[in-house]
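K.L.:
what's the 3D shape of this:
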Amino acid sequence: MKRAAAEIEQTTEPQEGEEEEEVEENYFKKKQKSDSKEEEEEKKTIFADQLKEVVIKKFPDASETTYNAEKFVFTFKLSGTVHTLFLTNGFLKWLGYGDLEDNTKRENVLEEMISSIRQQEEGPKFDQIKDLIYPKILAGVTRTVLRCQIMMSEGSEVSLDGGDLSSRCLQLRLIVVDGCPQLNAPADELESREIAEHLGMDLIYNTPTEFIQLKKSDLTRWGKSYDQLQMYELALSNLRKEKIRWRKLARGVFSASAGDAYEAGTLMAMGDLFLALEISGNPVVLPITRSLIIVTGSEDQQGLETMVEISSNYITSNEFFSGIPLVYQPDRNNSNHSWQVYKAQPSQSTEDLKYLEQAVTFHYWYSQQEEYLQKISLQSVQLLPFQVDDESFESSTVWTQKAGKPVLIPRANQVQFETEEDKSEEEVPNAFIIPSEPLRLDVSFDHTNTTLGLKRAPGFEPPLYFSSSFPSGQLMQRLKSLGTQH
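P.N.:
Residues are numbered from 1 along each chain as shown. Sure, this is the predicted structure:
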């Protein structure tokens, strides 16, 4: 940790009378080159076309070659494996030789980008990759999506959308225990290490073009047992060797960005690193995208507002990761759980934080989860919707009595029950009887969970809770006493 802390670079604060530099939206990106956007895109396309030629020449049996210009990745399938090549580093090196340079140098760059593919198919030796093992922070929904993709692929090798990582796993089956769906982990999947609510840490090894998830079969081939602590210490030791550069955005507000070698969120694996920053209170970190984190202090009201304001520029980014700020509270007796969801103090405005948490992050995560659960056809149960009010940013889910089947309930702020029973009929002049609408009852999720004894469905993130039937009798009366009727 001393090495990482010593290499923190901070810009100096402006002197009295000087204005602070304006924070640009894309402050963490490289300066734009003289090429116009059209010229740059044309060169990227030429680069991708040349790479495709090399792939086909090197691997005649390669298929499904695809260039994604928006995400700047190239994918192809080889022996049932989908390989995702990240192009940024290779392109910059290829571009650096210039149009007039010997084409051999550019060809060497392309050859280098795919040189490790055959080695990966055979499986690398431990001594070859031990210095390339890194931790990788994943949102829980990413693991759920990956497991669904594995099941859909019937055991073939798959790649996460966007090229996050690829993984060879055994076939996964969705099973039902006492009516409750259960999404089991593939047999080859290493146990993830939880570092905070909704976030886990996996192990990957980093090749020049890919992140490859470490698997049980890798350890078996190397003749090593899975000592979680030992393997993660190795990964953290490698991460500490990286030079971490911080940018000061405002007084008490910092950012760190990362490229292909490791992702910015991975720095959360080294919580003590943030203690070296000049902030007020405990570090509060917002991993808004995979390549950018924003940091301020828990006692810095202005810093927190600045952090939220900056993050609003990235909520629609293709790299969006999480809008839930986490606070680091060192605990020597419980190193796995030093990160906690940050809760605003009474004096602080909570609307922006609520918006980032409910309307942005959980809505995005539950939407991703719903998309893939629909693809694997959960026919035996109904998945209730996760929705967010546009004004209050309170989340809710609707459970109707007429659904008539077991349900999976997202963890929203409240559950809206819609029953088939009518409110008492109301007599009006001239003897007309006007029947009222079916009863709607709003109950907090916590009260719903406690009253009904909901069972959390294993393997699903963000969390889903199972109930075999709509509440009635005494249970419904209890819910009425706890909720609000409409």
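K.L.:
who does the residue nearest the centre of the chain bridge with?
P.N.:
Centroid-nearest residue in the chain: residue 139, 3.5 Å away (criterion: CA atoms, centre = their mean). When bridges are called by DSSP bridges, residue 139 pairs up with residue 199.
K.L.:
list the contacts for it?
P.N.:
198, 199, 321, 322, 365, 461 (CB atoms under 8 Å, 6 or more residues apart in numbering). C-beta coordinates here come from the backbone N, C-alpha and C atoms, glycine included.
K.L.:
if we go to 7 Å?
P.N.:
198, 199, 321, 322, 365 (CB atoms under 7 Å, 6 or more residues apart in numbering).
K.L.:
What is the burial count for the fourth one?
P.N.:
Read that as residue 322. 28 (other CB atoms under 10 Å).
K.L.:
Look at it and tell me its secondary structure.
P.N.:
What DSSP: H, G, I helix; E, B strand; the rest coil gives for residue 322 is coil.
K.L.:
Tell me how far residue 242 lies from residue 445.
P.N.:
Note on residue 242: its distance to residue 445, by CB to CB, to the nearest Å, is 40 Å.
K.L.:
so what pLDDT did the residue nearest to the centre of the chain get?
P.N.:
Predicted confidence (pLDDT) for residue 139: 87.
K.L.:
Repeat that for the one 3 residues further on.
P.N.:
At residue 142 the predicted local distance difference test score is 83.
K.L.:
Not counting its own residues, what contacts stretch 413-423?
P.N.:
Taking CB under 7 Å, 6+ apart as the rule, stretch 413-423 contacts 394-402, 409, 435-436, 438-445, 448, 479.
K.L.:
Please narrow those to those residing in helices.
P.N.:
445, 448, 479 (DSSP state H).
K.L.:
ok, the first one - how many residues close by?
P.N.:
Look at residue 445: counted by other CB under 10 Å, it has 19 neighbours.
K.L.:
With the one 3 residues further on instead?
P.N.:
Summarising burial for residue 448: neighbours were counted as other CB under 10 Å, giving 23.
K.L.:
so what's it up against?
P.N.:
Residue 448 neighbours (CB under 7 Å, 6+ apart): 415, 479.
K.L.:
One more pass at 10 Å, please.
P.N.:
By CB atoms under 10 Å, 6 or more residues apart in numbering, the contact set of residue 448 is 397, 399, 409, 412, 414-415, 417, 454, 465, 467, 471, 479, 482-483.
K.L.:
Among the residues you listed, name the buried ones.
P.N.:
397, 399, 409, 412, 414-415, 417, 454, 465, 467, 471, 479, 483 (16 or more other CB atoms under 10 Å).
K.L.:
Which ones among the residues you listed map onto strands?
P.N.:
397, 399, 409, 414, 415, 417, 465, 467 (DSSP state E).
K.L.:
quick one: the helices in the stretch 101-250 of the chain?
P.N.:
103-114, 117-122, 126-129, 140-152, 216-222, 228-240 (DSSP state H, counting those that start in this stretch).
K.L.:
could I have the third one exported to CSV, CA atoms only?
P.N.:
Okay, so that is helix 126-129. Listed next in CSV are the C-alpha coordinates belonging to helix 126-129 (Å, rounded to 0.1, in the frame of the first residue of the first chain):
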residue,chain,number,x,y,z
PHE,A,126,0.7,-20.6,-13.9
ASP,A,127,4.2,-19.1,-14.1
GLN,A,128,3.3,-17.4,-17.3
ILE,A,129,0.3,-15.5,-15.9
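K.L.:
what is the mean pLDDT for it?
P.N.:
The predicted model gives helix 126-129 an average pLDDT of 84.
K.L.:
Which elements pack onto that helix?
P.N.:
helix 117-122, strand 199-206, helix 216-222 (3 or more CB pairs under 10 Å, 6 or more residues apart in numbering; DSSP states H and E).
K.L.:
Now it: buried residues?
P.N.:
Buried residues in helix 126-129 (16+ other CB under 10 Å): residue 129.
K.L.:
Distance from it to the middle of the chain?
P.N.:
28 Å (CA atoms, centre = their mean, to the nearest Å).
K.L.:
just stretch 310-318 next, same as before
P.N.:
14 Å.
K.L.:
In that stretch, which residues are buried?
P.N.:
310, 311, 313, 314, 315.
K.L.:
For stretch 237-247, list every residue counted as buried.
P.N.:
Buried residues in stretch 237-247 (16+ other CB under 10 Å): 238, 239, 240, 242, 244, 246, 247.
K.L.:
quick one, what contacts residue 354?
P.N.:
Counted by CB under 10 Å, 6+ apart, residue 354 has contacts 344, 360, 388, 392, 393, 394, 395, 413.
K.L.:
what separates it from residue 390, distance-wise?
P.N.:
12 Å.
K.L.:
Can you tell me how far residue 339 is from residue 386?
P.N.:
24 Å.
K.L.:
and if you look at residue 223?
P.N.:
Distance from residue 223 to residue 386, by CB to CB: 45 Å.
K.L.:
what about these two, which has more around it?
P.N.:
residue 386 (23 against 7).
K.L.:
what sits against residue 311?
P.N.:
Counted by CB under 10 Å, 6+ apart, residue 311 has contacts 286-289, 292, 294, 320, 322-323, 325, 352, 356, 360.
K.L.:
rerun at 8 Å
P.N.:
Residue 311 neighbours (CB under 8 Å, 6+ apart): 286, 288, 294, 323, 356.
K.L.:
Could you pick out the buried ones from those?
P.N.:
With neighbours counted by 16+ other CB under 10 Å, these contain buried members at 286, 288, 294, 323, 356.
K.L.:
Let me have those in JSON lines, extended by distance to residue 263.
P.N.:
Shown next, in JSON lines, are the buried ones among the contacts of residue 311 (distance: CB to CB, whole Å):
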{"residue": "286", "distance to residue 263": "14"}
{"residue": "288", "distance to residue 263": "12"}
{"residue": "294", "distance to residue 263": "14"}
{"residue": "323", "distance to residue 263": "16"}
{"residue": "356", "distance to residue 263": "20"}
